[in-house]
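> Just to be clear, the model below is a prediction. Sequence and coordinates:
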Amino acid sequence: MKIFYYPGCTLKTQARNFECSAMEVMKLLGYELVELNRWNCCGTVYSLASDDLIHKVAPIRNLVRVKEQGGDKVVTLCAMCYNTLKQANVFFNSDQEARDKINSFMDTEIDYEGDVEVLHLLTVLRDEVGFDNISKKVVRKLNHIKVAPYYGCLLLRPSTVAIDDAENPSIMEELLHALGVETIDFPYRNECCGTYNTVSAVDLVIDRTYRIVGLARNLGADVIVTSCPLCQFNLEVRQKDVKERFPEFEQLPVIYFTQLMGVALGVPTERLGFELNHIKPKVLMEL
Amino acid sequence: MINKVIELSEQNLYACYQCGKCSAGCPSVKLMDIMPNQVIRYLQIGKPDKVLQCKTIWICASCYTCSVRCPRGIDLTRVMEAIRLIQLRKNIDYIKVREISEDVLVSVPQIALVAEFRKHTA
């Protein structure tokens, strides 16, 4: 089965390990992620001001591309892309006047009708593939590994785009249990990682990473699993800065959920992009 | 200024009864100079300078934790964005783009850079 796939900028560079592992896993499950032609930037952050319509054109234009190419739904991997595309779509469907204006901003595209569904891969795995079916395809036993699932913000908030309960999500735990791994009860799983403050307010991110990763380790996790390339960067690469400030800090690998799926489902580890992970999840690579 | 913020954010700031739940749950409050509930309070009592000059609005990264928890249904995320925009639309950048180090430029993911520029530059 084919599903249109919107990659976004970071999946083609720093987060190539997210993309390649997702492709491998989906192929194994009988799905092909078909990259959308002529996709453009999603806008990265959703514009929140009432008079700011122009920044909603970029995400909506991507949804028009889905229609042009004969689709009615599109899946994203990056949590930021998911959030921005989905919020723009929800807004588009809630305001007729804004909808007409956005359509008139785009003069070469067909009018958008608001009828493309924006999905995140986690919900496709739950609702279309089914966690039971994934469970049946597990070939590597990983029951010795404890995982800290980390959702971050953008899959859960605001409530109009949430893939699960904002305060008590379980979708990632359910997937991980289907893969046969144990999860820790992780209170910081839906806390903000500091996001783009990593550019000019690094101290803030160092504080977040110290707390989030430190707690995961104290609770016995061997690895943190996430679905956002910016969370992954902040929680993993910034550990180097944390270590400089807090020498007693012990590092912990932070990988994408698709990489862990790949290991469990028997994809050769060299095809899961672990070379792009700065802290190698040795516990998964030496099976 | 409160009317401008209400217009841009589409939030009823007079609904806030200062319970402080937003500040209690904010993951970045430690680095803020005034607390999120105070941002609303200063607007309510007519002290806009306090919020226009605070660091808080720039530290808020739109994680929506306060928004999903507010018992009065105020989306504080939008309030923060409205105040940022009131500043940025005077064509004043919050960060100095030229001062971003090369280390940062080559290491951070694009989404971090684009988001930073969208939120912190005019």
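Received the coordinates, thanks.

> Just give the number of residues close to B:Tyr64.
A count of neighbours around B:Tyr64, defined by other CB atoms under 10 Å in any protein chain shown, yields 23. Glycine gets a C-beta too; all of them are placed from N, C-alpha and C.

> Could you measure from it over to A:Tyr196?
Separation of B:Tyr64 from A:Tyr196 (CB to CB, to the nearest Å): 15 Å.

> Count the residues that sit near A:Val205.
Counted with other CB under 10 Å, the neighbours of A:Val205 add up to 28.

> which secondary structure element contains it?
Assigned by DSSP states H and E, A:Val205 belongs to helix A:202-218.

> Show me how the record splits chain B into domains.
Domain segmentation of chain B under automatic domain parsing yields B:2-90, B:94-122.

> on that earlier part again, now for the helix holding A:Val205, which elements pack on it?
In terms of contacts (3 or more CB pairs under 8 Å, 6 or more residues apart in numbering or on different chains; DSSP states H and E), helix A:202-218 is packed against helix A:197-200, helix A:229-236, helix A:239-245.

> Report pLDDT for A:Val283.
For A:Val283, the model assigns a pLDDT of 89.

> Then B:Gly25?
Per-residue pLDDT puts B:Gly25 at 96.

> roughly how far apart are the residue nearest to B:Asn91 when sequence neighbours are not counted and B:Asp93?
Counting by CB to CB, 6 or more residues apart in numbering or on different chains, B:Asn91 lies nearest to B:Ala122, which is 4.7 Å off, once chain neighbours are set aside. From B:Ala122 across to B:Asp93, the span is 5 Å (CB to CB).

> For chain B, what lies in contact range of chain A?
Neighbours of chain A within chain B, by CB under 8 Å from any CB of the partner chain: B:7-10, B:27-28, B:30-31, B:59, B:61-65, B:67-68, B:75, B:77-78, B:81-82, B:85, B:95, B:100, B:104, B:107-116, B:118-120.

> what's the spacing between A:Leu63 and A:Gln87?
From A:Leu63 to A:Gln87 the distance is 12 Å (CB to CB).

> same check, this time on A:Leu48
Per CB to CB, A:Leu48 is found 9 Å from A:Gln87.

> For chain A, which segments are assigned as strands?
Along chain A, counting by DSSP state E, strands occupy A:2-6, A:32-35, A:73-76, A:117-120, A:146-149, A:182-183, A:223-226, A:254-256.

> check contacts around A:Met285.
A:Met285 is in contact with A:Thr269, A:Phe274, counting by CB atoms under 8 Å, 6 or more residues apart in numbering or on different chains.

> what about 10 Å?
Residues in contact with A:Met285, defined by CB atoms under 10 Å, 6 or more residues apart in numbering or on different chains, are A:Pro253, A:Val263, A:Thr269, A:Glu270, A:Leu272, A:Phe274, A:Asn277.

> For A:Asn218, the count of nearby residues, please.
10.

> For it, list the residues it contacts.
A:Ile184, A:Glu250.

> related to what we said a few turns ago, can you tell me which of the contacts of A:Met285 are in helices?
Among the contacts of A:Met285, DSSP state H puts A:Val263 in helices.

> right, and out of the contacts of A:Met285, which lies closest to chain B?
Nearest to chain B, judged by CB to the nearest CB, of these is A:Asn277 at 13.7 Å.

> Tell me both backbone torsions, phi and psi, for the closest one.
phi -80, psi 130 (degrees, to the nearest 10).

> so it touches A:Ile255, yeah?
Yes. If you go by CB atoms under 10 Å, A:Asn277 and A:Ile255 touch, sitting 6.1 Å apart.

> quick one: which of these two has more around it?
Neighbours per residue (other CB under 10 Å) separate A:Asn277 from A:Ile255, with A:Ile255 holding more: 27 against 20.

> ok, the more buried one - contacts?
A:17-18, A:21, A:147, A:223-226, A:232, A:236, A:262-263, A:272-274, A:277, A:279-281, A:284.

> Show the buried residues in the residues you listed.
A:17-18, A:21, A:147, A:223-226, A:232, A:236, A:262-263, A:272-274, A:277, A:279, A:281, A:284 (16 or more other CB atoms under 10 Å in any protein chain shown).

> just those residues that are near chain B?
A:Gln232 (CB under 10 Å from any CB of the partner chain).

> looking at chain B, which helix or strand does the model trust least?
Every helix and strand in chain B was compared by mean pLDDT, DSSP states H and E; the lowest is helix B:102-107, with a mean of 94.

> helices or strands next to that helix in the packing?
Helix B:102-107 sits against helix A:197-200, helix B:110-120, with contacts defined as 3 or more CB pairs under 10 Å, 6 or more residues apart in numbering or on different chains; DSSP states H and E.

> and the ones you listed, which is most packed in?
Greatest average neighbour count among the helices and strands packed on helix B:102-107 goes to helix A:197-200 (a mean of 24), per mean count of other CB atoms under 10 Å in any protein chain shown.

> so where is chain A shaky, pLDDT-wise?
Within chain A, not a single segment meets pLDDT under 70.

> Show me how the record splits it into domains.
The record's domain parsing of chain A by automatic domain parsing lists A:2-121, A:132-285.
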